[in-house]
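# Sequence and predicted structure, then a few things I'm wondering about:
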Amino acid sequence: MAKLSKKERELVCLERLKATERVASEIAHELNTPLGGILMYSHLLLEDLADDDPNLENVLKINKLAHRCKMIVQGLLDFVHDDKPKYELLQVNDIIHEVLGFLEDHVLLRGIRIEIRSGANLPRVRGVADKLEQVFVNLITNAAQSMDGRGTLQLQTTFEPKLGRIRITCSDTGCGIPEDELERVFEPFFTTKGEGAGMGLGLSICHGIVEQHGGTITVQSKSGEGTVFTILLPAATRRSDEIEVPAAAHKRGCRAC
Ligand SMILES: Nc1ncnc2c1ncn2[C@@H]1O[C@H](COP(=O)(O)OP(=O)(O)O)[C@@H](O)[C@H]1O
Ligand SMILES: [Mg+2]
C-alpha cells in the first residue's frame, strides 16, 4: 500500500475507531437483555435453594459470572459515545471526594496510602458529574492495581489562572509503564492485564470523557517508579453558558496516531 500522509493515517484511524464503537455498541445492546434474564433467573433460583442444596455453589457461580459479564457490557456501553450528556457546574474537589468515599473500603485500596491535596478556591467546571466520576474511578483503579496493595496514591488539584484551567494529577508509586507502551495506553482494548482482569477500555473511556469536557489527559511514567496522569479541564466562566464545549471535542479523537 502506498505510504499514507499523516492526515490520511488519522482518517483511517478515526474510521477504525468509529467501526470499533459501532461493533461495541451492537454487541453490548445484544448481550444486555439476555444477561439481565440470566441474572434475574439465577436470583430466583438462589431464593428457592436451601442452604445445604448441592446446586447452591454452582448457581452462585453462575450469578457471579453473569454479574461480571454485566460489568463488561457496561464497560462497552460507556465506551460508546453518549450524544446527550447533561452538563452542569461542578466542583472537581467534590467529585474526587465523592469517588474516594465509595472506593475507600474497596479491597483494591487496602494497604494504600491516599494523599489528597485539594486546591483552595478552585473555579468550577462545566461537566457531567457521573462521567467525571467515572474518569477518577478508572484512574484510581488503575493506580491501585499498579501498586498491588502497597504504595501511595496522590490526587492533587490546582488552578492554573494563566491557562484558565484546573489541573488534576493522579500519581501512584506503582509498577510504572514501559516507554514503548506509554503511547498505547489510551488505545481502546489495550491492556497488559491478564485474562479477566482488564478489558483495556478504562483509559480510552477517560480520554473520551475528558475530551468531551474540552480538556486534555496526558501520562508520564517511569517503569518501576510510578505513573502520573494529568488532566486539564477548562474552568467555567461566570456565565456558564459561555463554556460551550467545542463540537469537535464531542467527537472522539484518534488516540492511536
Ligand atoms: N497507573 C498505572 N500504572 C501502570 N500501568 C498503568 C496505569 N494505568 C494504566 N496502565 C496501563 O495501561 C493499560 C490500559 O489501562 P486501561 O485502559 O484502564 O485498561 P485495563 O485497566 O482494563 O487494562 C493497563 O493495562 C496498564 O498496562
Ligand atoms: Mg483500567
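Nice, I can see it. Numbers count the residues shown, from 1 in each chain. Ligands and ions are numbered 1, 2, ... in the order given.

# And the strands in the protein, which stretches?
Along the chain, the segments classed as strands by DSSP state E run 88-90, 112-117, 125-127, 151-160, 165-172, 216-222, 226-234.

# Tell me how far the closest residue to Arg150 other than its chain neighbours lies from ligand 1.
Nearest non-adjacent residue to Arg150, counting by Cβ to Cβ, 6 or more residues apart in numbering: Gly111, 5.6 Å away. Heads up, the C-betas are built off the backbone N, CA and C, glycines and all. With the distance defined as Cβ to the nearest ligand atom, to the nearest Å, Gly111 ends up 16 Å from ligand 1.

# Domain-wise, how is the chain divided?
Here the domain parsing of the chain from automatic domain parsing is 6-79, 88-250.

# and the residue of this protein nearest ligand 2?
Among all residues of the chain, Gly202 sits closest to ligand 2, at 2.9 Å; criterion: Cβ to the ion.

# Spit out the contact partners of that residue.
Gly202 makes contact with 75, 138, 141-142 under the criterion Cβ atoms under 8 Å, 6 or more residues apart in numbering.

# now Gly215
165, 231-234.

# now with 10 Å?
125, 127, 132, 135, 165-168, 207, 209, 231-234, 245, 249 (Cβ atoms under 10 Å, 6 or more residues apart in numbering).

# Just give me the least confident of those residues.
Lowest in pLDDT among the contacts of Gly215 is Ala249, which has 42.

# give me the number of residues near the residue in the stretch 51-200 of the chain that ligand 1 sits nearest to?
Relative to ligand 1, the nearest point of the stretch 51-200 of the chain is Gly198 (2.6 Å; Cβ to the nearest ligand atom). Neighbourhood size, Gly198 [other Cβ atoms under 10 Å]: 17.

# Check what pLDDT it gets.
At Gly198, the pLDDT value in this model is 76.

# cool, Thr152 as well?
Looking at Thr152, the pLDDT reads 97.

# Where does the prediction get shaky in this protein?
1-2, 81-85, 196, 238-257 (pLDDT under 70).

# go with 80
1-22, 75, 77-86, 102, 104-106, 194-198, 237-257 (pLDDT under 80).

# For it, what lies in contact range of ligand 1?
Residues of the chain found near ligand 1 (Cβ under 6 Å from any ligand atom) are 138, 142-143, 146, 172, 174-177, 185, 190-193, 198-204, 227.

# One more pass at 8 Å, please.
138-139, 141-143, 145-146, 170, 172, 174-177, 181, 184-186, 190-193, 197-206, 219, 221, 226-227, 229 (Cβ under 8 Å from any ligand atom).

# in stretch 60-73, what's buried?
For stretch 60-73, the neighbour count (16 or more other Cβ atoms under 10 Å) marks 62-63, 66, 70, 72-73 as buried.

# go on, stretch 148-155?
151, 153-155.

# That stretch: how far from the chain's middle?
18 Å (Cα atoms, centre = their mean, to the nearest Å).

# who's in contact with that stretch?
The contact list for stretch 148-155 (Cβ under 10 Å, 6+ apart) reads 92-93, 96-97, 99-100, 107-118, 136, 139-140, 143-144, 146-147, 168-175, 226, 228.

# Show me what the lengthiest helix in the chain is packed up against.
Counting residues, the longest helix in the chain under DSSP state H turns out to be helix 6-48. If you count contacts as 3 or more Cβ pairs under 10 Å, 6 or more residues apart in numbering; DSSP states H and E, helix 6-48 packs onto helix 56-79, helix 202-212.

# Please report how far the nearest residue to Ile166 once chain neighbours are set aside lies from Ser204.
Spatial nearest neighbour of Ile166, excluding adjacent residues (Cβ to Cβ, 6+ apart): Leu233 at 4.9 Å. Taking Cβ to Cβ, to the nearest Å as the measure, Leu233 and Ser204 are separated by 18 Å.

# What of Leu122?
When Cβ to Cβ is applied, the distance between Leu122 and Ser204 equals 27 Å.
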